[in-house]
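J.: Sequence and predicted model, in that order:
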Amino acid sequence: MSNPTVISPKEAHEKMAEGIPYVDVRTVEEFGENHPAGAVNIPLMLIGPSGMVPNSGFLSAMVSTFAKDTPLIVGCKAGGRSQRAARMLVDAGFSSVFDQGAGWDGSRDAFGRIVEPGWSRQGLPSEPGQPSGRSWEELRKKA
């Protein structure tokens, strides 16, 4: 696969049921509020003293957590970060990357209107907190 494949939240949910991991690339704080049930948190951006900053450990954590031939779903809040993360993963040699383009909340048009409802707006299974074995705190230590 040379380009990430964009999929809907429902398609992502179906792929998770087949055993494909969902990597939520939102910040630790966003992930902790609520996320797709079973998702792993490897944030593309971190919240620093001056706002959001790139997570320099993103790619190394992905490589240490997943084999490059593992199919992966990536998602964020509205599609921008997951699109960047999916491109980074494909460029790094991951062979099967799905971008859940509507994200947690939904993809929006230039006027801020939701054009595709995200995971939460479609009522798909979710969970709050930092689950054991799937939180950024634990995964970054392994990287």
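T.: Good, I have the coordinates.

J.: Next SSE downstream of the longest helix seen in the chain?
T.: In the chain, taking DSSP state H as the definition, the longest helix is helix 80-91. Where DSSP states H and E defines the elements, the next helix or strand beyond helix 80-91 is strand 97-100.

J.: State the number of residues packed around residue 134.
T.: Counted by other C-beta atoms under 10 Å, the residues lying close to residue 134 total 22. Every residue, glycine included, has its C-beta placed from N, CA and C.

J.: again, but for residue 15
T.: Using other C-beta under 10 Å, the number of residues around residue 15 comes to 18.

J.: ok, back up a step: so what's the gap between the longest helix of the chain and the chain middle?
T.: Taking C-alpha atoms, centre = their mean, to the nearest Å, the mean C-alpha location of helix 80-91 is offset from the chain mean by 9 Å.

J.: what helices or strands is it leaning on?
T.: helix 58-65, strand 72-75, strand 97-100 (3 or more C-beta pairs under 8 Å, 6 or more residues apart in numbering; DSSP states H and E).

J.: Repeat the analysis, applying 10 Å as the threshold.
T.: strand 5-7, strand 22-24, strand 45-48, helix 58-65, strand 72-75, strand 97-100, strand 106-108 (3 or more C-beta pairs under 10 Å, 6 or more residues apart in numbering; DSSP states H and E).

J.: Could you point out which of these sits nearest residue 37?
T.: strand 22-24 (9.0 Å; C-beta to C-beta).

J.: If I look at the nearest residue to residue 86 once chain neighbours are set aside, what pLDDT would I see?
T.: Leaving aside its sequence neighbours, residue 86 sits nearest to residue 4 (C-beta to C-beta, 6 or more residues apart in numbering; 3.5 Å). At residue 4, the predicted lDDT confidence score is 93.
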